[in-house]
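Trainee: predicted model follows, preceded by the sequence.
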Amino acid sequence: LKQVVLRYFYALDLDKALDRCSQSCHICASLQKIPNCLIEQSTSDPPDAVGLSFAADVMKRNKQLIVVVRETTTSFTTSCIIENERHDTLRASLIFLCLELRPISGPRAVIRVDPAPGFASLSNDEELRRHKITVEIGRVKNVNKNPVAEKCIAELGDELLRVSPEGGAVSPVTLAIATANLNTRIRDRGLSAREMWYQRDQFTNSQLPISDLHLIREQHSHRIHNHPASEKSKTPSGQRRASPALQVGDLYFIANPDLGGCFGTGRGRLNVTGPILEFDTGVMVEDKAYAISLLVSTSYHGFAVRQHLNNIFIHVAKGLPPGPVVRFDGSCSISPISGIAMETNFTVSCVNWVDDDAPLTVEFSHQIKGVRTVFFVREIPIRARVSATLWLQAGDEDNDYSLNVSAVVKDRFGAKAGEDFTVEVVPQPAENNILNQLQNLASGDAMGELFETGNGGAALQLTETLTSNLKELSDGDKGFSNLLRGASNLVGGIGQMTTSIAKTASNTSSENGASDQVKRSIGLIDNIQGVLLDNLVSNEPPVNIESDELSMQIEKVMIRDAAHKNNVIKGAKFGSPSAGALGIGNIVWNRNKTILQMQPVDIKIAVVNKNPFSWDKTTSKSLSSSVVDIKFQSDMNVSTSNVSEDFSITIPRDTTLFPEPDSFFLKPSHENTTAKTKEYLKYHRFERKNDFTSINFEIRPEEPGIQFRVYLKKGSKPDIMKRDFELEYELPDLSSCLAGNESVFNSSVDQSESDENKTIYVDLRNCTRDPYTVFVSNVDMNGIGRYWFAVQHLEPLDNNEDVGNLAKTDSRRRRSVSCEGEGGRRVRRSCVIIPPAPPKPTDPPKVVHFEAPDNLGFDGKFFFPNQTPNYNLSMFESSCLYWHEENETWTEFYNVDRDLLEVEKCMYHNSIMDESNPRAKTAADVVDKMFQDGLCDLLPVLCEAATILASIPATSCTAESSFSGLQRVKTYRRWTMGEERLNSIAVINIERAYASQTIKNDMIKIIDTFGRRNGRDSYFF
């Protein structure tokens, strides 16, 4: 229209006039194109645990209805076939699929669904509530209302095509197979949904050290990190919508149904007393609590004042509009308000607490010098009375011995109320009273009464209070003797308590409370060791405290004596490596650093007879050894990780749990006329199911003095003649034995030429390890699978002549009759082999396999088992486990310290910033530079990671250069190559002179350039 006007008329400011006209026209405004603005993306809050958040939808395929339910954290999927989409059918299918996945008690499982009629009617379903399930309906206008379920349906459709490519309706078995295959797909986190849900390797079924909390945080962080890129891809311009100025009376729209984030901002002067925010109940989930934070900015004398109001809790009850949480109503008290530590009985009680969100949880605690200790937790019904009686430790001396005691009551949504009290607790007047309390604790009377009543928390509180008073014992006249007596009594009490609590955690379902108590008791051990170390000086003899359940050793040594230090307590041994491996070689070997050499190193060792971390059900039952806790601490820079030499740790085991030895006999094999020996052999096999286990063999001959050789091989029997085996051992191994005061192999008798035939007498009690035991480390083993080992004995043929001479001197000696029966002679009855009855004829007949008799030697002759060397064999596996504090599991390998690697990476970047060419270097260059500058000792984790990266080739040119022509290239492995690539290889073969020159001069540069490129497949040839 504008162009038509310009053709026939001329007007000033025509454009402005047209803009004013179009803006005042409602029809024109409605027809305007809204610019595509950047919409800020968000994600729902992460769940508190795995198994609480699900997504469900109905898949329609080939006239079939399939309900799919997926757990949002692990993507573990379940499915079933339904007949219709009625609400009762959907309700039954959700209960059926979630029954084994949701928690039995505690928070409800929330299932996100779309607003279909069948799902919408389940939003307040009572049957689902009884099964701890809540349905969350997505908003109709939100296109991305249920993304997890939609992606799950797409993935399940692909799996069904793989399982059943012909299409059509699927059976329940086919659906189960496709769902199982979907759960085994490796996700972007390097694990499959099955591995994340069951925390076991899907190929070997071995346990994986996976933390649920780490998975939840990693998934949430990944989603948030991906939002900016997704926003930019949908809106390349990056233009954001203008933030409107909201005034009183404006309508707020809550964009997030979970009420997460900032949903409203009021601008201008708000001087009103009426409500300024209203919430739509349609966007809230029933039976769920919400917390709202209000931040109000005001102006005072030209300065902006920002005030954060307290959180407001609202609760959406069934059939009621949301309203504020009803304040608790009840009272708590403590009696008396003053007393003597470890003598006066203080009683804390709460009564008549009422709240609509039952059940209620009562928590009693006390706090001194910023340290809060919870000594009582219990779930109570409404209007119930609860109380706890206990001894308290002395209060803060600087504050008139005052001690703060708190009583807190919480509802099931976490809202809490309570009362705080201040009591006066003075210390006992004499140290003998503390000693008497400690002696009663060790005798088991006080501890036994508490455990008989089931009050393990009170027993732990008693021990913590006595531990806090332990330091006072060293201030008296007797000093360290009283301290040692008190510590010994405490160690005995803590050992009893830890064993009892660990047994409770393994036999009942109350694992959380028991695990917290075990952790607190382990912390008490460290406190006692610290108090004793404060009273020791360097290079004093170690202090040992031993009891039936718990033993400990503490020692303080100078840093110059910390290397090659050996400590022994209750069968457990600890040995430190050399000074160079500990990173203190430059101090120990420098005579001018005498002051630094005298710096102390603390060594703390604790040995628990039974496993205290018994709530790890997967591994704890298989533990047969004591648990050893070792701390090697110093204020100096002492390296205790990534050391070049190993720390030596010996852990005692219960020998009664070892298998009983079995008796075996060797079979005769061939004779070696050159070496004049006769060989005896026996083969054994075993299955190794874990990469981290070591194997122990104990092969003990029934006749002393017999020597054996053991050969080990994976996959098949070792062939001794062809030297086809992997490991070889000799028994007995006397390398750790002493002959007199010298080693067997370094003995002067062995080195003397005049006494070559003199016998060396060895007492097995002088051997540091059993000479008849073979230890095969997991480092020497070649993975999991079937292993064979052969036991060999070589007997000189000259011994047969001696036997003949003995027979001549004794004509009445009983003669041995051969089993061959040559020359018509009779055969011994024991040599007659009676075969079993033939099997009944079958239709059709099958090949019958006969096993060779056990007394048939490898030389094809029968023999008497009592005429060959006999031995007893016992075999068992062992592995060194460590307690992973974050995952709370026994783990067989250590994780890479990502934080330490990140720090070392930053340190390396800072070290190369001053160079003239500080560009990003290849891994090989990084390794070379670190070795040249001596950085591997300073940055060991980065050096190890760069070494691994440098060993990974960027291309396969080295392997492909062995092919000399097109005909040789077209093999089975290269049959699927494209003609373009094959022709390029053929050209390289034709121009091999030029190619050789290029490889010699420029290949390193070509590989570096090729390795740094993105999309390398497009640059290949």
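Mentor: Structure received.

Trainee: the residue nearest to Leu657 when sequence neighbours are not counted: how many residues sit nearby?
Mentor: Sequence neighbours aside, Ser624 is the residue nearest to Leu657 in space, at 4.5 Å (criterion: C-beta to C-beta, 6 or more residues apart in numbering). From N, CA and C alone the C-beta is placed, and that goes for glycine too. By other C-beta atoms under 10 Å, 14 other residues sit near Ser624.

Trainee: confidence score at Ser624?
Mentor: What the model reports as pLDDT for Ser624 is 70.

Trainee: residues in contact with it?
Mentor: 653-654, 657 (C-beta atoms under 8 Å, 6 or more residues apart in numbering).

Trainee: again, 10 Å this time
Mentor: For Ser624, the contact set (C-beta atoms under 10 Å, 6 or more residues apart in numbering) comprises 611, 653-658, 876, 878.

Trainee: name the member of those with the most neighbours.
Mentor: Counting neighbours by other C-beta under 10 Å, Asn611 leads the contacts of Ser624 with 22 neighbours.

Trainee: distance of it from Glu83?
Mentor: As judged by C-beta to C-beta, to the nearest Å, Asn611 and Glu83 stand 51 Å apart.

Trainee: quick check, Thr89 in contact with Leu65.
Mentor: Yes. In this structure, Thr89 is within contact of Leu65 by C-beta atoms under 10 Å, at 8.7 Å.

Trainee: what sits in contact with each of these two?
Mentor: Joint contacts of Thr89 and Leu65 (C-beta under 10 Å, 6+ apart) are 82-83.

Trainee: now do the same for the nearest residue in space to Gly580 that is not next to it in sequence: its pLDDT.
Mentor: Leaving aside its sequence neighbours, Gly580 sits nearest to Ser644 (C-beta to C-beta, 6+ apart; 7.4 Å). You'll see Ser644 listed with a pLDDT of 72.

Trainee: identify the residues contacting stretch 182-195?
Mentor: Under C-beta under 10 Å, 6+ apart, the answer for stretch 182-195 is 68, 70-71, 73-79, 152, 155-156, 158-160, 162, 180, 196-203, 208, 210, 214-215, 218-219, 222.

Trainee: pull out the buried residues from these.
Mentor: Listed as buried from those are 68, 70-71, 73-79, 152, 155-156, 159-160, 196-199, 208, 210, 215, 219; burial here means 16 or more other C-beta atoms under 10 Å.

Trainee: helices - which of the residues you listed land there?
Mentor: Using DSSP state H to define helices, the subset of those located there is 152, 155-156, 159-160, 196-198, 215, 219.

Trainee: ok, now which ones touch the closest residue to Tyr871 other than its chain neighbours?
Mentor: Closest residue to Tyr871 apart from its sequence neighbours, by C-beta to C-beta, 6+ apart: Pro701 at 4.8 Å. Applying C-beta under 10 Å, 6+ apart to Pro701 gives the contacts 666, 707-708, 731-732, 772, 793, 869-872.

Trainee: ok, 8 Å please
Mentor: By C-beta under 8 Å, 6+ apart, the residues touching Pro701 are 708, 772, 869-871.

Trainee: could you dump the contacts of Ser624 to TSV with distance to Asn592?
Mentor: Compiled in TSV, the contacts of Ser624 are given as follows (distance: C-beta to C-beta, whole Å):
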residue	distance to Asn592
Asn611	48
Arg653	47
Asp654	51
Thr655	51
Thr656	55
Leu657	54
Phe658	53
Phe876	52
Ser878	46
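
Trainee: format the residues you listed as TSV; extra columns: pLDDT and distance to Ile380.
Mentor: Formatted as TSV, these follow (pLDDT from 0 to 100; distance: C-beta to C-beta, whole Å):
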residue	pLDDT	distance to Ile380
Asn611	79	33
Arg653	77	45
Asp654	72	43
Thr655	71	49
Thr656	71	46
Leu657	70	44
Phe658	73	49
Phe876	79	50
Ser878	78	48
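
Trainee: show me where the stretch 101-250 of the chain has helices.
Mentor: In the stretch 101-250 of the chain, the helices defined using DSSP state H, counting those that start in this stretch lie at 117-120, 126-130, 147-163, 172-183, 193-198, 212-234.

Trainee: go ahead and confirm Ala950 touches Ala923.
Mentor: Yes. At 4.0 Å, Ala950 and Ala923 qualify as touching, with contact defined as C-beta atoms under 8 Å.

Trainee: next one, pLDDT for Ser402 please.
Mentor: Per-residue pLDDT puts Ser402 at 88.

Trainee: who is it paired with across the strands?
Mentor: Beta-bridge partners recorded for Ser402 (DSSP bridges): Asp396, Glu424.

Trainee: so what's the residue count around it?
Mentor: Neighbours of Ser402 under the rule other C-beta under 10 Å: 15.

Trainee: just Ser996 next, same as before
Mentor: Ser996 has 12 neighbours, counted by other C-beta under 10 Å.

Trainee: how near is it to Met1003?
Mentor: Note on Ser996: its distance to Met1003, by C-beta to C-beta, is 10 Å.

Trainee: cool, and Trp890?
Mentor: From Trp890 to Met1003 the distance is 48 Å (C-beta to C-beta).

Trainee: among those two, which residue is more densely surrounded?
Mentor: For Trp890 versus Met1003, neighbours defined as other C-beta under 10 Å are more numerous around Trp890 (21 against 15).

Trainee: quick one: that one and Trp615 touch, right?
Mentor: No. Using C-beta under 8 Å, Trp890 is not in contact with Trp615, being 10.8 Å away.

Trainee: elements contacting the one helix or strand Met1003 maps to?
Mentor: Met1003 belongs to helix 992-1012 when assigned by DSSP states H and E. Using 3 or more C-beta pairs under 8 Å, 6 or more residues apart in numbering; DSSP states H and E as the contact criterion, helix 992-1012 has no neighbours among helices and strands.

Trainee: tell me which residues of that helix are tucked away?
Mentor: Result for helix 992-1012 [16+ other C-beta under 10 Å]: buried residues 999, 1007.

Trainee: then stretch 712-719?
Mentor: For stretch 712-719, by 16+ other C-beta under 10 Å, it's 712-714, 717-718.

Trainee: redo those as CSV? Include distance to Pro865.
Mentor: Listed next are the buried residues of stretch 712-719 as CSV, based on distance: C-beta to C-beta, whole Å:
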residue, distance to Pro865
Leu712, 24
Lys713, 25
Lys714, 29
Lys717, 21
Pro718, 23
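
Trainee: just send these back as a markdown table, with secondary structure, pLDDT and distance to Leu360 too.
Mentor: Formatted as a markdown table, the buried residues of stretch 712-719 follow (DSSP: H, G, I helix; E, B strand; the rest coil; pLDDT from 0 to 100; distance: C-beta to C-beta, whole Å):
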| residue | secondary structure | pLDDT | distance to Leu360 |
| --- | --- | --- | --- |
| Leu712 | strand | 90 | 63 |
| Lys713 | strand | 90 | 66 |
| Lys714 | strand | 89 | 61 |
| Lys717 | coil | 90 | 69 |
| Pro718 | coil | 90 | 69 |
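
Trainee: next, give phi and psi for Val557.
Mentor: Taking degrees, to the nearest 10, you get phi -120, psi 160 for the backbone angles of Val557.

Trainee: beta partners of it?
Mentor: Judged by DSSP bridges, the bridge partners of Val557 are Val601.

Trainee: what's the burial count for it?
Mentor: Other residues close to Val557 by other C-beta under 10 Å number 21.

Trainee: again with the one 4 residues further on
Mentor: Asp561 sits with 15 neighbouring residues when counted by other C-beta under 10 Å.
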